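Undergrad: following is a predicted model, sequence given first.
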Amino acid sequence: SAAASAPPPKPRPRKIQTLDDPPKKNDYLGDLDLPSSSDSEDEASGTPVQREKPAKELFLAQRSSAAASKRVADKERKMQEKAAAMKADALRDDDNVFDVSYEQQGSGEDSTLSATDIKVHQMTIRAKGKILLENTTLTIAAGRRYGLVGPNGKGKSTVMRMIARRQVPVPENLDVLLVEQEVVGTEDSALESVVAADVELVGLRKEEAELTAKLEGLQVDDEDGGVSDRLNEIYERMNELGSASAEARASKILHGLGFTEVMQRRATNLFSGGWRMRISLARALYIQPTVLLLDEPTNHLDLRAVLWLEEYLTRWKKTLVVVSHDRDFLNSITTDIIHLHDERLHYYRGNFESFEDMYAQKRREMNKEFEKYEKQMKAAKKSGSKDKQAKVDKQAKAGAKGKGGKKGSKQSEGSSETTTAAPRKWNDYTV
């Protein structure tokens, strides 16, 4: 009928979606927040357009930012190093910071002319009135390797500085070197800086070059043989100092401390403070002083360099004193331990591990003696008799003196445990 005769509906014209049209709801990307494919939307709405930076421009910006951060970090590091150096210089130059007193030895200075050991009795050190060490004995025997341990801020570095500056009696025939400062940066290479530590050899080489040049240029008349004789003397002394192998020995030490061949040829002023500290340590090992003092030598070293230094120092034939918080390092290199405790120096034979065992035993004994003394003193005070209190105090001091003078102790003869003070509670801390 009518429904059947009705003509079929005409198909709607298909609309072509343009880039300006919003996405359809059923579009698979329609619900996603994607950046516009053209700037027309943003321009039409009046919203400022934020274009993405090209990859090259982004890379350059990141590299510039990294370079700026590095410059800031370098500036901060240099400021910190400068502040630390200024602080060290202030302490070093101020003669009033430390006050040292000790018992005079022998008659005049003759007693220290030919000795090989450092021995100071009744030594007291004060820093601006504060007592660091009181009435103690300093003993450094030739050929021993000491580890100086104790709580922080109580005078370990000060003792080293007093020895290096000869503010305590040190035999004149002993050359003492304390490594605590980084080498000053110059145009000289790291290798040249180490070799230059031997001032005598450098002077002889310079004189030899000058005399040789004059002879070759016929600038001097050597009929009497004076110049030739002097050259022979120079050659003999240079041979004794090992001039021919100087650079090889210096290079070997630098290599052990982590310097490659390229780094050894680099100017010292191009190194950071930590690497210049390694150069300073290399200079000390190269010239081999009679008494070498090292203050925290492993602080600026990586593990490989620490292991090399351990091996090197275990073969050290001269006197060595080391301040370090590295237990393994001390345990490997030391033959003796000097313990700074209760404003006195106490001496123990053996390495750090042996010291820890003896330290724990001594702590138990001291605390036991103190508990006994405290119990007896309380009973004497309770009785109200001053005579009993004096008697307890006298007996305790006599007992302390007797134990301090015992022979056959594992502690060395240089121990300062000869005090006659009454027992005190052990002021414990982590060594």
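TA: Structure received. Numbering: from 1, shown residues only.

Undergrad: what residue ranges in the stretch 301-431 of the chain score low on pLDDT?
TA: Across the stretch 301-431 of the chain, residues meeting the criterion (pLDDT under 70) sit at 388-389, 392, 396-431.

Undergrad: go again using 90 as the cut-off
TA: Applying pLDDT under 90 to the stretch 301-431 of the chain picks out residues 341-343, 356-431.

Undergrad: which stretches of it form strands?
TA: 319-323, 336-341, 344-349 (DSSP state E, counting those that start in this stretch).

Undergrad: nearest to residue 130, out of the ones you listed?
TA: strand 336-341 (14.5 Å; Cβ to Cβ). C-beta coordinates here come from the backbone N, C-alpha and C atoms, glycine included.

Undergrad: hmm, back to that, can I get the strands of the stretch 301-431 of the chain in JSON lines including mean neighbour count and distance to residue 67?
TA: Converted to JSON lines, the strands of the stretch 301-431 of the chain look like this (neighbours: other Cβ atoms under 10 Å; distance: least, Cβ to Cβ, whole Å):
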{"stretch": "strand 319-323", "mean neighbour count": "23", "distance to residue 67": "39"}
{"stretch": "strand 336-341", "mean neighbour count": "23", "distance to residue 67": "47"}
{"stretch": "strand 344-349", "mean neighbour count": "21", "distance to residue 67": "52"}
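
Undergrad: so for residue 236, which of those strands sits nearest?
TA: strand 319-323 (28.2 Å).

Undergrad: quick one: list the elements packing against that closest one.
TA: strand 145-149, helix 156-164, strand 291-295, helix 327-333 (3 or more Cβ pairs under 8 Å, 6 or more residues apart in numbering; DSSP states H and E).

Undergrad: okay, angle between that strand and strand 336-341 too, please.
TA: Interaxial angle, strand 319-323 versus strand 336-341 (axes from the mean of the first three to the mean of the last three Cα atoms, to 10 degrees): 40 degrees.

Undergrad: alpha carbons of strand 319-323, as CSV, please.
TA: Output of strand 319-323 as CSV, limited to C-alpha atoms (Å, rounded to 0.1, in the frame of the first residue of the first chain):
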residue,chain,number,x,y,z
THR,A,319,109.9,5.9,62.2
LEU,A,320,106.2,6.5,61.4
VAL,A,321,103.3,8.0,63.4
VAL,A,322,99.8,7.8,61.9
VAL,A,323,96.5,9.3,63.0
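
Undergrad: still on that earlier bit, mind checking the strands of the stretch 301-431 of the chain for the one nearest to residue 277?
TA: Smallest distance to residue 277 across the strands of the stretch 301-431 of the chain (Cβ to Cβ): 14.6 Å, for strand 319-323.

Undergrad: low-confidence ranges in the stretch 1-150 of the chain?
TA: Using pLDDT under 90, the stretch 1-150 of the chain drops low at 1-116, 126-134.

Undergrad: what do you get if the cut-off is 70, keeping everything else the same?
TA: Ranges of the stretch 1-150 of the chain meeting pLDDT under 70: 1-59, 61, 63, 77, 80-81, 83-96, 105-114.

Undergrad: who does the host helix or strand of residue 124 pair up with?
TA: Secondary-structure assignment from DSSP states H and E places residue 124 in strand 118-127. Strand pairing for strand 118-127, using DSSP bridges, gives strand 98-101 (antiparallel), strand 130-140 (antiparallel).

Undergrad: take those and lay them out in a markdown table including mean neighbour count.
TA: Shown next, in a markdown table, are the strands paired with strand 118-127 (neighbours: other Cβ atoms under 10 Å):
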| stretch | mean neighbour count |
| --- | --- |
| strand 98-101 | 15 |
| strand 130-140 | 19 |
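
Undergrad: got the angle for the strand holding residue 124 vs helix 156-164?
TA: Going by the same axes, to 10 degrees, strand 118-127 makes 130 degrees with helix 156-164.

Undergrad: what are the buried residues along strand 118-127?
TA: Residues of strand 118-127 classed as buried by neighbour count (16 or more other Cβ atoms under 10 Å): 118-120, 123-126.

Undergrad: tell me which residues are up against it.
TA: Residues from elsewhere that reach strand 118-127, judged by Cβ atoms under 8 Å, 6 or more residues apart in numbering: 97-103, 105, 131-140, 155, 158-159, 162-163, 168-171, 174, 291, 414.

Undergrad: related to what we said a few turns ago, possible to save the strands paired with strand 118-127 as TSV with distance to residue 65?
TA: Below are those laid out as TSV (distance: least, Cβ to Cβ, whole Å):
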stretch	distance to residue 65
strand 98-101	48
strand 130-140	49
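
Undergrad: among the strands of the stretch 301-431 of the chain, which comes closest to residue 309?
TA: strand 319-323 (10.2 Å).

Undergrad: residues making contact with the closest one?
TA: By Cβ under 8 Å, 6+ apart, strand 319-323 touches 140-149, 156-157, 160, 163, 290-297, 313, 329-330, 333-334, 338.
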